[in-house]
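Q: Just the structure for this:
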Amino acid sequence: MRWSEIDQQDCSVAQALSVVGDRWTMLILKESFMRVRRFEDFQERTGAPRAVLADRLETLVDNGVLEKRRYSERPDRFEYLLTEKGRDLWPVLISLLRWGDRWMTGKHGPPVEVRHKTCGHAVHPELACPECGDWLQATDMEAKYRRDRAPLP
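A: Numbers count the residues shown, from 1 in each chain. Coordinates of the predicted model:
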């Protein structure tokens, strides 16, 4: 199967990766969560080539992850804002950040610290069960394929 056909798999992960599954897209999303909104700022913060950045922003807009909004008419200038669908990617980004902080930072430690705005403390988010509140590890989970649904066309 070609990468361009990955969205045709009957797999939520594969379908999600068809939208957000490359490094430039993830960096754009990271910057979006850090309140970057404008093309030039995305380019400066990510280092993405202009053509690549334009393509990834268009894909994110086309898939409803970002909203493109005009902020100037002469000349036309746009900003890109996270939609509800985009904001739902927060746990994905924070999980990547946490993993990178643990396994990829050098002796100087993590370059970004996430703080809870209400109390001001640094946080290291964990996954918890929404029903019982227990903190979850991969070994606490199981996944079962559902037989009661039709496959994708």
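
Q: switch to C-alpha atoms for all contacts and neighbour counts from now on
A: OK.

Q: count of neighbours near the nearest residue to A128 once chain neighbours are set aside?
A: Nearest residue to A128 in three dimensions, chain neighbours excluded: W135, at 4.3 Å (Cα to Cα, 6 or more residues apart in numbering). The local packing of W135 (other Cα atoms under 10 Å) involves 11 other residues.

Q: need the contact list for the closest residue to L82 other than its chain neighbours.
A: Distances taken as Cα to Cα, 6+ apart place L66 nearest to L82, at 4.6 Å, with adjacent residues excluded. With contacts defined as Cα atoms under 8 Å, 6 or more residues apart in numbering, L66 is in contact with 57, 60, 80-83, 86.

Q: Can you show me the helices along this protein?
A: Under the criterion DSSP state H, the chain contains helices at 12-20, 23-33, 39-46, 50-62, 84-87, 90-103.

Q: Surely the residue nearest to A128 and L127 touch.
A: Yes - when contacts are counted by Cα atoms under 8 Å, W135 is listed as touching L127 (5.8 Å).

Q: got a list of what E44 touches?
A: Counting by Cα under 8 Å, 6+ apart, E44 has no contacts.

Q: distance of it from V36?
A: 10 Å (Cα to Cα, to the nearest Å).

Q: ok, of the contacts of L66, which one's closest to T118?
A: T118 has its nearest neighbour among those in L82, at 21.8 Å by Cα to Cα.

Q: List the contacts of the residue lying farthest from the centre of the chain.
A: Counting by Cα atoms, centre = their mean, the extreme residue of the chain relative to its mean C-alpha position is R74, 31.7 Å from that point. For R74, the contact set (Cα under 8 Å, 6+ apart) is empty.

Q: re the thing from before, the helices of the chain into a markdown table, with extra columns for mean pLDDT and distance to A122?
A: What follows is the helices of the chain, written out as a markdown table (pLDDT from 0 to 100; distance: least, Cα to Cα, whole Å):
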| stretch | mean pLDDT | distance to A122 |
| --- | --- | --- |
| helix 12-20 | 90 | 27 |
| helix 23-33 | 96 | 17 |
| helix 39-46 | 97 | 23 |
| helix 50-62 | 97 | 30 |
| helix 84-87 | 97 | 21 |
| helix 90-103 | 92 | 12 |
